[in-house]
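Asks: Let's see this in three dimensions:
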Amino acid sequence: MHRPGFTLVEILAVVTIMGLLAAVGVPVVVGWAGAAREREWYPRLQDAERSVRIAAIGQGRVVELLADGLAERDQRSGAPHDLVRIPESWRLIWEAPDGAALGRLAYDHHGRSSDVRLRARVGDREFHATLSGLTGEWSALQAVHAGAP
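Replies: Below is the predicted model of the structure:
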């Protein structure tokens, strides 16, 4: 006579399959979440850049976005105004198109700037983006391994 239910072999097979799916799926989901956290500052940086551009136009003066702490520095008083916070482990570098390091991104009273490249580094990960100084358009954020050209 056949009793209803599952055999021990069937239960072990299902548990094994579920374990394999979890072993593969959990690291992928954790990786997605980590990548999202790594990139969460980028939209805030873009907003800060737009705010500095608008401030330069509205106030009719040069306004800067600095690489060390990303602050707007008031030229009259020299006091920085914090615009965006990024993790302290990140290192941001503004570069000219020719690769020369810049300590700041400055906008004139018309909201114009030179084209710049942003390099952000954390651990063995490096992210690159470019900004058109004339249009204010950002390129997509690209992840590369540190030390890559």
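
Asks: so where is this structure shaky, pLDDT-wise?
Replies: Within the chain, the ranges that satisfy pLDDT under 70 run 1, 34-39, 41, 66-90, 122-123, 145-149.

Asks: Quick one: the strands in this protein, in order.
Replies: Taking DSSP state E as the criterion, the chain carries its strands at 63-66, 71-73, 80-82, 91-95, 101-102, 104-107, 116-122, 125-131, 142-145.

Asks: quick one, what contacts residue 132?
Replies: residue 115 (CB atoms under 8 Å, 6 or more residues apart in numbering). Backbone N, C-alpha and C define where each C-beta goes, glycine included.

Asks: now do 10 Å
Replies: 113, 114, 115, 116, 138, 139 (CB atoms under 10 Å, 6 or more residues apart in numbering).

Asks: roughly how far apart are residue 117 and residue 50?
Replies: 18 Å (CB to CB, to the nearest Å).

Asks: Settle it for me: which of the two has more neighbours?
Replies: Each of residue 117 and residue 50 has its neighbours counted (other CB atoms under 10 Å); residue 117 has more, 17 against 13.

Asks: Which residue comes closest to the more buried one once chain neighbours are left out?
Replies: residue 95 (4.4 Å; CB to CB, 6 or more residues apart in numbering).

Asks: still on that earlier bit, return the most buried member of the strands of the chain.
Replies: strand 63-66 (a mean of 22; mean count of other CB atoms under 10 Å).
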